[in-house]
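Participant: Sequence and predicted structure, then a few things I'm wondering about:
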Amino acid sequence: MPLTILVVEDEVSNMQIIRLSLQALGHDVQCAFDPESGIRMARDGDPDVILMDMMFKGADIDGLEAIRRLKADPATAEIPIVAQTAAVLDFTERCAVLAGAAGIIHKPFRRRQLVAAIEAAIAGEPIPDVAWHLVPMPAHVRSSPTVPGRVT
């Protein structure tokens, strides 16, 4: 079944690889190059799933904050989000999930990993090969008492 997939990614080469890989499978791929545009496109376009990068050069917000805003907005709260990152810190995965992502995949990834993550997120299942729940949060990182799911 073809999906509408919103990809929020600032690296042009990464965007091209993801877009071409998903279009080859028959999906409609919408592209945003910064988190703010991604949030607007999610509100206006009603994608089936969002693939959100975590780090953006020169943007006012990062991927975690974009995920938080999307999940706090009733118009976009139900859209599954797959976070993507090149970061190797284990707690990055946990932070993405606490922010509202279905899970995270690490760059570089193969198309089958990307497709499996998207399918799992849409089905409401755990994203394969993610062990964030096994990693304790560092002592200096805590959940915000005022904003559920927000990491401070």
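Facilitator: Received it, and whenever you're ready, just let me know what you need. These numbers were taken from a predicted model, which means no experiment stands behind them.
Participant: Show me the shaky parts of this structure.
Facilitator: Filtered on pLDDT under 70, the chain yields the residue ranges 88-90, 129-152.
Participant: now the helices for it?
Facilitator: Under the criterion DSSP state H, the chain carries helices at the ranges 12-23, 35-45, 63-72, 90-99, 111-123.
Participant: nearest to M54, of these?
Facilitator: Closest approach to M54 among the helices of the chain is made by helix 63-72 (3.8 Å; Cβ to Cβ). Where C-beta positions appear, they are placed from N, C-alpha and C, glycine not excepted.
Participant: Summarise which helices and strands that closest one is packed against.
Facilitator: With contacts taken as 3 or more Cβ pairs under 8 Å, 6 or more residues apart in numbering; DSSP states H and E, helix 63-72 sits against helix 35-45, strand 49-53, strand 81-85, helix 90-99.
Participant: Out of these, indicate the one that is most buried.
Facilitator: Comparing the helices and strands packed on helix 63-72 by mean neighbour count (mean count of other Cβ atoms under 10 Å), strand 49-53 comes out on top with a mean of 27.
Participant: Show me how far that one is from its chain's centre.
Facilitator: Its chain's average C-alpha position is 4 Å from that of strand 49-53, according to Cα atoms, centre = their mean, to the nearest Å.
Participant: re earlier: just so I know, which of the helices of the chain lies nearest A83?
Facilitator: helix 90-99 (3.9 Å).
Participant: okay, that closest one in PDB with CA atoms only?
Facilitator: Listed next in PDB are the C-alpha coordinates belonging to helix 90-99 (Å, rounded to 0.1, in the frame of the first residue of the first chain):
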ATOM      1  CA  ASP A  90      22.600   5.600  23.600                       C
ATOM      2  CA  PHE A  91      20.500   8.100  25.500                       C
ATOM      3  CA  THR A  92      19.700   9.800  22.100                       C
ATOM      4  CA  GLU A  93      17.400   6.900  21.400                       C
ATOM      5  CA  ARG A  94      15.600   7.200  24.700                       C
ATOM      6  CA  CYS A  95      15.200  10.900  24.400                       C
ATOM      7  CA  ALA A  96      13.600  10.500  20.900                       C
ATOM      8  CA  VAL A  97      11.100   8.000  22.300                       C
ATOM      9  CA  LEU A  98      10.400  10.100  25.300                       C
ATOM     10  CA  ALA A  99       9.700  13.000  23.000                       C
END
